[in-house]
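Visitor: Sequence first, then the predicted structure:
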Amino acid sequence: MGKNLLVLFLLALRAGFAQTPDELLKQLMEGNTRYINDKLLYPNQSSARREEVQQKQNPFAAILGCSDSRVAPEIIFDQGLGDLFIVRVAGNVAGPVEFDSVEYSIKHLGATLIVVLGHQSCGAVTAVMEGQTADIEAVARLIEPAVKGAKTTEEAIKANVRNVVAQLRQTPLLKRLVAKKKIACVGAYYHLGSGKVELLTP
């Protein structure tokens, strides 16, 4: 059995067993490593997978990320159809719609890993840092409290991610499930040049 076929077999086998949020995060980061090293497996992108998820989806993770065209979660984590529940909005901010979407993925679809994904050179955060927010007032209002005092754009982007993680963790549903270790909610930062996803400490 070729190496790629073996890895795909192991991924399929692992998918048949209940995994902890930490194991799922490891699985997600393994996909990012494949992406960085140009060793993509393109899992769960076959006609059989389309048939499998036609009537029901069961994503293992929800990604709250930026709308930036350079940061496509399924690609940078090497995942396929039905694997990730994606919520994308400029600046990866969270308001009522985003909170509802993430909670839907948990309550109704079974996601047990939540990742807030920011990225290098985020235009929305940069606009806030430079005071150029005329076209993104609603987004800017959600970013501004998090980035006060930040000295660099990267620091501000990471602060914004951590702020959204903290907000999610304070919703009644996530607060309860995180305390019971039923789900994990983490922040991450994507490096555009290398393709690496850096996990952020709280």
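Guide: Arrived safely, thanks for sending. This structure is a prediction, so every number in the text was calculated from the model and none was measured.
Visitor: in the sheet, who's paired with the most centrally placed residue in the chain?
Guide: Note on the chain: the residue nearest the mean C-alpha position is residue 63, at 2.8 Å, using CA atoms, centre = their mean. Assessed by DSSP bridges, residue 63 has beta-bridge partners residue 86, residue 115.
Visitor: mind checking how far it is from residue 202?
Guide: 18 Å (CB to CB, to the nearest Å). Any C-beta I mention is one placed from the backbone N, CA and C, and that applies to glycine too.
Visitor: Kindly report the same for residue 132.
Guide: Distance from residue 132 to residue 202, counting by CB to CB: 30 Å.
Visitor: Neighbour count: these two, which is higher?
Guide: Ranked by neighbour count (other CB atoms under 10 Å), residue 132 and residue 202 place residue 132 first, with 12 against 9.
Visitor: doesn't that one fall inside a helix?
Guide: No. Checked against DSSP: H, G, I helix; E, B strand; the rest coil, residue 132 lies outside a helix; its state is coil.
Visitor: Who are the contact partners of it?
Guide: By CB atoms under 8 Å, 6 or more residues apart in numbering, the contact list for residue 132 is empty.
Visitor: swap in residue 61?
Guide: The contact partners of residue 61, taken as CB under 8 Å, 6+ apart, are 24, 28, 83-85, 111-115.
Visitor: Just the ones in helices from the residues you listed, please.
Guide: 24, 28 (DSSP state H).
Visitor: Which two among the contacts of residue 61 are spaced furthest apart?
Guide: 83 and 114 (14.3 Å; CB to CB).
Visitor: follow-up on the earlier one: show me which of the contacts of residue 61 is closest to residue 156.
Guide: Among the contacts of residue 61, residue 115 lies closest to residue 156 (CB to CB), at 19.3 Å.
Visitor: What's the separation between the nearest residue to residue 73 once chain neighbours are set aside and residue 109?
Guide: Once flanking residues are discounted, residue 73 sits nearest to residue 63: 4.5 Å by CB to CB, 6 or more residues apart in numbering. From residue 63 across to residue 109, the span is 13 Å (CB to CB).
Visitor: surely the residue nearest to residue 73 meets residue 89?
Guide: No. Judged on CB atoms under 8 Å, residue 63 makes no contact with residue 89 at a distance of 11.5 Å.
Visitor: buried set for stretch 63-75?
Guide: 63-66, 68, 71, 73-74 (16 or more other CB atoms under 10 Å).
Visitor: State the mean pLDDT of stretch 62-75.
Guide: Stretch 62-75 carries an average pLDDT of 98.
Visitor: give me the low-pLDDT residue ranges for the protein?
Guide: The model of the chain has pLDDT under 70 over residues 1-17.
Visitor: Show the residue spans covered by the strands in it.
Guide: Assigned by DSSP state E, the strands in the chain fall at 61-65, 84-88, 113-119, 184-190, 197-200.
Visitor: Give me the distance from the shortest one to the chain's centre.
Guide: Mean-position distance between strand 197-200 and its chain equals 11 Å (CA atoms, centre = their mean, to the nearest Å).
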